[in-house]
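Student: I'd like to go over a predicted model; first the sequence, then the structure.
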Amino acid sequence: MNADIPERNDRAELDTAHALPRVIARVAKIIDSDSFPTGYRAGLRRTDPRDPPSLAFYRFAFRCLPADWERCPEAWQVIIAGLAITSPGGHLPSRPMGTVLAATGFSEKRLERLLSANGQVMRALVLRLARFTAAKRAGFDWTDTARLVLTTNGRRREKIRLRIARHFYSNTSAKE
């Protein structure tokens, strides 16, 4: 076993971490680690949201994700794939997603499609977003992205969309 992939009993920290930011930060740190197997990271990057989760994802999830990840495996599969695609340095808690998208030239039309999407379409668009920001070498706070993918409650999801849009337009209006 690789030392940087926690054993099952090391998940206690994640199970008690009620705040999603802590979970995302810990998972990103594991994926970003220099000793995390390159082939394993590549396997996580190849995730296709139309396919069932891979064994690489299951191995990672059972060792590194909170115990309740099984309630929404498709969402966690995309979050983990996105963090792997943007690794290393893809998760930067001090940089809101909307701010980074505005700074990197992410189009308003793409943002509109992402924020209005649901289900499999949204998961596919999140992976496109990850590839876009990885190509720009622009890390951002993956917490809002994770919330967007994980949240099924309409009112909560709308608050997340509003926060992302606020950061995006607060930074695009200054350029125009």
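Tutor: Looks like it came in fine.

Student: for whichever strand or helix holds Leu111, name the packing helices and strands.
Tutor: Element membership for Leu111 (DSSP states H and E) is helix 108-116. Packing contacts for helix 108-116, counted by 3 or more CB pairs under 8 Å, 6 or more residues apart in numbering; DSSP states H and E, involve helix 119-135, helix 154-172. All C-beta atoms are positioned from the backbone trio N, CA, C, and that covers glycine.

Student: quick one: that helix to helix 154-172, angle?
Tutor: Here the directions of helix 108-116 and helix 154-172 differ by 160 degrees (axes from the mean of the first three to the mean of the last three CA atoms, to 10 degrees).

Student: now helix 108-116: buried residues?
Tutor: For helix 108-116, a neighbour-count test (16 or more other CB atoms under 10 Å) marks 111, 114-115 as buried.

Student: could you dump those to CSV with pLDDT and distance to Ala84?
Tutor: Converted to CSV, those look like this (pLDDT from 0 to 100; distance: CB to CB, whole Å):
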residue, pLDDT, distance to Ala84
Leu111, 95, 23
Leu114, 95, 19
Leu115, 95, 23
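
Student: could I get the contacting residues of the residue nearest the centre of the chain?
Tutor: Central residue of the chain (CA atoms, centre = their mean): Ile79, 3.5 Å from the mean position. Residues in contact with Ile79 (CB atoms under 8 Å, 6 or more residues apart in numbering) are 24, 27, 126, 142, 145-146, 149-150.

Student: quick check: it vs Thr145, distance?
Tutor: 7 Å (CB to CB, to the nearest Å).

Student: also Leu44?
Tutor: In this view, Leu44 and Thr145 are 16 Å apart by CB to CB.

Student: Thr38 now?
Tutor: Noted for Thr38: a distance of 24 Å to Thr145, by CB to CB.
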